[in-house]
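A.B. asks: sequence first, predicted coordinates after that:
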Amino acid sequence: MNVDLFNTPPEPWTEPLSPGALVLRQYATAHTDHLLAGIHAIVAQAPFRHMQTPGGYTMSVAMTNCGTAGWITDRKGYRYSTTDPLSGQAWPAMPADFRRLAQAAALTAGFPAFQPDACLINRYPVGAKMALHQDRDERDLTAPIVSVSLGVPATFLWGGLQRSDKAAKVPLLHGDVVVWGGAARLAFHGIAPLKAAQHPLLGEERINLTFRQAL
DNA sequence: TAGTGACC
DNA sequence: AAGT
């Protein structure tokens, strides 16, 4: 009997999504306590808020940012801003270990030059969703996207380069990391309405960290 | 920032 | 419109 089976944390494993896109299962699991502590400190400086879309609707996902730049949306459009519109101050700094985790994940996925300067923090209450969209507000589209899932499971919608392409449904669990770039950089993606569930660390919510090289 | 396509 |  191998006692180690019960004491060794799970090794991360990798699942290809499409050319240029990879799911790194459990990649962040060993660091989630630390990530959550960092998020709590960031949120104390830059609280979650429900932003408006250019169409005038309020997003169901609550957002904040850390890093040199933060992604924002309002009636005027989508963009990156070096300041938090709520405070007029710079976004909280990106913790060094957040950045290292994102860079290590990018390296594993074949993007050794990733220099993230933006970390969008999305909080999904039960029922929150994100419609299919492309991440296209970044300056250098050769840099990948790194997405870290925390809390209750979600269904990631992974589409193609055309909005009309059928999206695959990919379950994303606490600690999973998705990296996409290259041929997949402009793939449409989203999140299905969050189903009610309980997570030991996060209760009824999901938090997603999206690392980007924005500037 | 709109123009689409899906659609009940 | 990262919306319904």
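C.D. replies: Sure thing, it's come through. Numbers count the residues shown, from 1 in each chain, chains lettered A, B, ... in the order given.
A.B. asks: on the pLDDT front, check the closest residue to A:A62 other than its chain neighbours for me.
C.D. replies: Of all residues not flanking A:A62 in the chain, A:F48 sits nearest, at 3.8 Å (C-beta to C-beta, 6 or more residues apart in numbering). C-betas here are computed from N, CA, C, even on glycine. pLDDT for A:F48: 98.
A.B. asks: which residues touch A:F48?
C.D. replies: A:A62, A:M63, A:T64, A:I121, A:R123 (C-beta atoms under 8 Å, 6 or more residues apart in numbering).
A.B. asks: isn't A:Y27 right up against A:V178?
C.D. replies: No: between A:Y27 and A:V178 there is no contact under C-beta atoms under 8 Å: 9.4 Å.
A.B. asks: show the pLDDT at the closest residue to DNA strand C within chain A.
C.D. replies: When distances are taken as C-beta to the nearest atom of the strand, chain A reaches nearest to DNA strand C at A:T53, 1.6 Å away. Listed pLDDT for A:T53 reads 95.
A.B. asks: ok, the closest residue to it other than its chain neighbours - how many residues close by?
C.D. replies: Of all residues not flanking A:T53 in the chain, A:T73 sits nearest, at 5.8 Å (C-beta to C-beta, 6+ apart). Per other C-beta atoms under 10 Å, the neighbour tally for A:T73 reads 15.
A.B. asks: and A:T73, what are its bridge partners?
C.D. replies: Beta-bridge partners of A:T73, counted by DSSP bridges, are A:Y78.
A.B. asks: just checking, it touches A:M59?
C.D. replies: Yes: between A:T73 and A:M59 a contact is recorded at 7.4 Å, counting by C-beta under 8 Å.
A.B. asks: overlap in contacts of those two?
C.D. replies: Both A:T73 and A:M59 are contacted by A:M51, A:Q52, A:T53, under the criterion C-beta under 8 Å, 6+ apart.
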